[in-house]
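Visitor: Pasting a predicted model and its sequence here:
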Amino acid sequence: MKKMIVLACLGFAFTVSAPAFAAGEKMKGCSKEATGMKGDERKAFMKKCLSKDYTLKADTAGAKPAASAATPAAAPVTQQDKMKKCNADAKTKELKGDERKKFMSTCLKG
């Protein structure tokens, strides 16, 4: 009897958590599509994108994302990668204090 209760609880947990996981994935996809948008334009797009009727571009593209992920040049540069590169550049230029802060700021933006 206890096993049946445990199994029922686990089934319920998976049923409840599946839509939440899907919503998180949709949020990531919408966020990627909204790259470059700012302010009200981004807010309006995100509202439209997160609606039930909207289909993400990555979902309709089929095998394209897998093909582009295979090429290392097409991989997006992460903030962490930018930070590593900018830190290394600042170190080779031996920048310190305000000069380093200014350099890091411009480097991370670009």
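Guide: It's in.
Visitor: what's the following helix or strand after the helix or strand bottoming out on mean pLDDT in the chain?
Guide: Every helix and strand of the chain was ranked by mean pLDDT, DSSP states H and E. The lowest is helix 64-70, at a mean of 44. Downstream of helix 64-70, the first helix or strand assigned by DSSP states H and E is helix 79-92.
Visitor: tell me which residues in stretch 30-50 are buried?
Guide: The neighbour-count check on stretch 30-50 (16 or more other Cβ atoms under 10 Å) flags C30, E33, A34, R42, M46, C49 as buried. Placement of C-beta: from N, CA and C, glycine included.
Visitor: per-residue pLDDT, the second one?
Guide: The predicted local distance difference test score for E33 is 82.
Visitor: list the contacts for D89?
Guide: Listed by Cβ atoms under 8 Å, 6 or more residues apart in numbering, the contact set of D89 reads F103, C107.
Visitor: can you list contacts of stretch 43-61?
Guide: In this structure, residues lying in contact with stretch 43-61 by Cβ under 8 Å, 6+ apart are K26, M27, G29, C30, S31, K32, E33, A34, M37, P65.
Visitor: run the last query once more with 7 Å
Guide: K26, M27, G29, C30, E33, A34, M37, P65 (Cβ atoms under 7 Å, 6 or more residues apart in numbering).
Visitor: The residue most central in space within the chain: which element?
Guide: Nearest to the centroid of the C-alpha atoms of the chain, with distances taken as Cα atoms, centre = their mean, sits K28, at 5.1 Å. Secondary structure assignment for K28, by DSSP H and E: helix 2-33.
Visitor: Please compute how far the helix or strand just after that helix lies from its chain's middle.
Guide: Going down the chain from helix 2-33, the next helix or strand is helix 39-49, by DSSP H and E. With Cα atoms, centre = their mean, to the nearest Å as the basis, helix 39-49 stands 16 Å off its chain's centre.
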